[in-house]
Structures are given as structure tokens and as C-alpha cells.
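>>> Here is my input, please return the structure:
(one chain, ligands or ions: 1)
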Amino acid sequence: MANRLDSLEKILLMGPGPSMVHSSVYAALAKDTIGHMDSSFIALMDDIKAQLRVLCQTKNSVTMPMSGTGSAGMETCFVNLVEPGDAVLVLQNGVFGVRMADVAGRLGADVDVLEFEWGTPVIPDDVVKALGKKKYALVAVVHAETSTGVCNPVEAIGKLVKEHGALYLVDCVTSLGGMEVALDHWGADAFYSGTQKCLSCPPGLAPISFSEAAIAKLKSRKKKVPNWYLDLTLIINYWEGNSRAYHHTAPINMNYALYQALHCIFEEGADRVFKRHQAVHDQLVSGLDALGFKMYVKEGFRLPMLNAVVPPPGVDEAHLRKQLRQEYMIELGSGLGPLAGKIIRIGLMGETARKENVNRLLAALRACL
Ligand code: PLP
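Model prediction:
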């Protein structure tokens, strides 16, 4: 019987994730699986936690990868920190802010949404006004809104949230590994990310980090965390301490891959990696401008790793993406929600963020147009 895997094509992944994966990360995935309680694996877990703390610029002891994709990271933060009736403010300017409000609402939180126009950033002055009207237990925002390509001012928002006395939750799924993430400096109490964007690892793990204030909230809950699989009060006993207790079987090889992906970032130097993302973004923007594409987000608020672009008049974005995929083996992303059919999303994440990839895409676009 033919094996379908034999016919998979090699695609240049330039969409909103997953991104290209370094060969050393694939090699890590293929290493022999060992037991999840094996002392060598526990040592690897400790190294991953240490690497994540450096990349996230945090001293938080509870910093580790959850089993699951970025959405599992999102659920972990909300399910552990929110109790029914808690007032939660979600700062929303894209799909992932909408999802946050949905997740918090399902937990019985009293959710308020402060909406900003998609394609524009959260405005701190508006946040000040909202915080003046009601006492919130938690305020949540997406750092890098993958659906629009906007970078939100998480540092400025963090200051306001701290003055207010709420817990501060930041989604860094798309930013981690491609630009600076400084959790302690921002005053972030809870953070989550995903492996398949700028960490350049296949999808499957969700790094998270909880501050001491977040852990205090977790410990003072009136009721158990309403989700067993994501309950940090249990998972901490597997990821922390001198003797470890089984919770669920860790995805061993995915953790090898994350370890290697983080290793690659530190080998190149995190600052150099961030500069590389910015340089290829600048290269892409000027190349697209020459071809008649317009950036959807104003300069100054753009993410380097996620470029939302409006095609030249008369160009059908779905047709263009299809042609790029079929004839040039390049994957780009479509717009989501209200932006479907209006924008194309071009990812320059991790291993994808290379000059030669941008050159290849620009040449293909030129040929298609
Ligand atoms: N948050 C943001 C900002 C994202 O971009 C994504 C995925 O694209 C998610 C959350 C959800 O992550 P996943 O699709 O890995 O579950």
C-alpha cells in the first residue's frame, strides 16, 4: 500500500504559522523516546524551563511548556486564574482577543471587552478610562495579533494594569522568539505562547509562565481548577521540585524539539534573531511596495513576523495564494473574520525569516502578477 507521507511536498511556509523548522529540530524529534520519569528527561525539562526563563526575561519559577498548542496555553491561563464571577477585561483588536473573551466567558467570568479597530493597536488612554469604571481581577491582551499584524503596547498597558491591582495576562504566541518578550519588565502575571511560530518548532507545545501573584491567586481559589488536564496545581508537581509526580505522559519528543529550537535561538543570539526578523520585514515591505501591495497596518505598529498586506487592485487574493502554493510551493495565509478576502498574511517567523525566502516570494509574486 502506498504511503501518503511519501508524497508530501516541500512547501515554503510563509503563512501565519506553522513556520519552517530547522533540520536540527527535526533531528531532535527523531531521537529515541525515553521515559517521562527518566532522570535524563527530567534534566532536559529543567533545561527547557531555564531556557524559557531567559527568552521570556522572567524569574518566574513556574515557566514551562504545556502539552498542546497555543490554545492550550490560553486555556491554561484562564482556567487556572479565573473563577466564576471574576471581573475580566479583554483588550480586543483581532481574532485572538475574541477567543480570549470566549474562553473567559465559558468559565463564568464577568467579561468586559474593550474593542479597538482591527488593524490598529490598543490605546492605553482608553484602557485607563475602562479601568477607572470597574475593579477587574484580570486584564488580558495579545502582544502580537496574528490576525491583523498589529503589535500592541504591552509595556504601557502593563503599567496601567499594575496600578489598578489586577493580574495581567499576555498572549505571546506569535511574538516569542521573533521579538523581545520581557515578562517581568512588563509586569505580566501570566503568559502563554506556542511552538509553531517564531520558535520554529512543529505545533504541539505551549510555553507558559505564572508570576508569584498569579500562583497566589491559584492557591487561594475557592474551588478546584475546573479542568483536570490543564490544572497547574497538579502539573507543577511533575515539572517542579526534587521528586516528581506523574500527571500525564509528557510528549517526550516534542520537548526534545523545543529544547533544540531554543538552543538554536541562543546559539545565534536572541538579539541577532530579533534583528534578522526586523531586517527581512523591511526587505519584504519595500519589495511588496514596488509590486503595488499596501501594508494593512500603519508604520510603527507593524509586527516584523506577521505582515498583513492588501493586494493591488484587481488581484484576487485567494487565486494568488492558490497559484503560489500550486506553482511555486509557497504557502501564505488568508485574512480571518472580517478581513477574509481583503488581506493576505505573510509570515516571517523563525527559520522562515531569511533573506532568501523573501527573495523567492517576491520573485514568485512578480511572476504571478
Ligand atoms: N494566540 C495567537 C496570537 C495566535 O496567533 C494563535 C494561533 O495562531 C493562538 C493564540 C492559538 O494557537 P494554536 O493555533 O497553536 O492553538
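
>>> Check the gap between L288 and G15 for me.
16 Å (CB to CB, to the nearest Å). C-betas here are computed from N, CA, C, even on glycine.

>>> cool, G292 as well?
Separation of G292 from G15 (CB to CB): 21 Å.

>>> Those two: which is more packed in?
Shown here are G292 and G15; by other CB atoms under 10 Å, G15 has more neighbours (23 against 14).

>>> before we move on, what SS does that one have?
Here G15 is coil, with the state taken from DSSP: H, G, I helix; E, B strand; the rest coil.

>>> Just confirm it contacts G333, I think it does.
Yes. Counting by CB atoms under 8 Å, G333 is a contact partner of G15 at 3.6 Å.

>>> which neighbours do the two share?
Common neighbours of G15 and G333, using CB atoms under 8 Å, 6 or more residues apart in numbering, are 345-347.

>>> and which of those residues is nearest L365?
I346 (9.8 Å; CB to CB).

>>> In terms of secondary structure, what does the helix or strand hosting that closest one contact?
In the assignment (DSSP states H and E), I346 maps to strand 344-347. When contacts are defined as 3 or more CB pairs under 8 Å, 6 or more residues apart in numbering; DSSP states H and E, strand 344-347 packs onto strand 306-310, helix 317-328, strand 333-334.

>>> and the chain, which of its residues are near the ligand?
16-17, 69-71, 74, 96, 142, 146, 171, 173-174, 194, 203 (CB under 6 Å from any ligand atom).

>>> residues contacting the closest residue to the ligand within the stretch 151-300 of the chain?
Per CB to the nearest ligand atom, V173 is where the stretch 151-300 of the chain lies closest to the ligand, at 3.6 Å. Listed by CB under 8 Å, 6+ apart, the contact partners of V173 are 70, 73, 96, 142, 144, 146, 192-194, 197.

>>> Counting only helices, which of the residues you listed make the cut?
Among the contacts of V173, the ones falling in helices (DSSP state H) are 70, 73, 96.

>>> before we move on, back to that, okay, the angle between the helix or strand following the strand holding I346 and helix 317-328?
Heading C-terminal from strand 344-347, the first helix or strand you meet, by DSSP H and E, is helix 355-368. Taking axes from the mean of the first three to the mean of the last three CA atoms, to 10 degrees, one finds helix 355-368 and helix 317-328 inclined to each other by 110 degrees.

>>> Thank you kindly, that will do.
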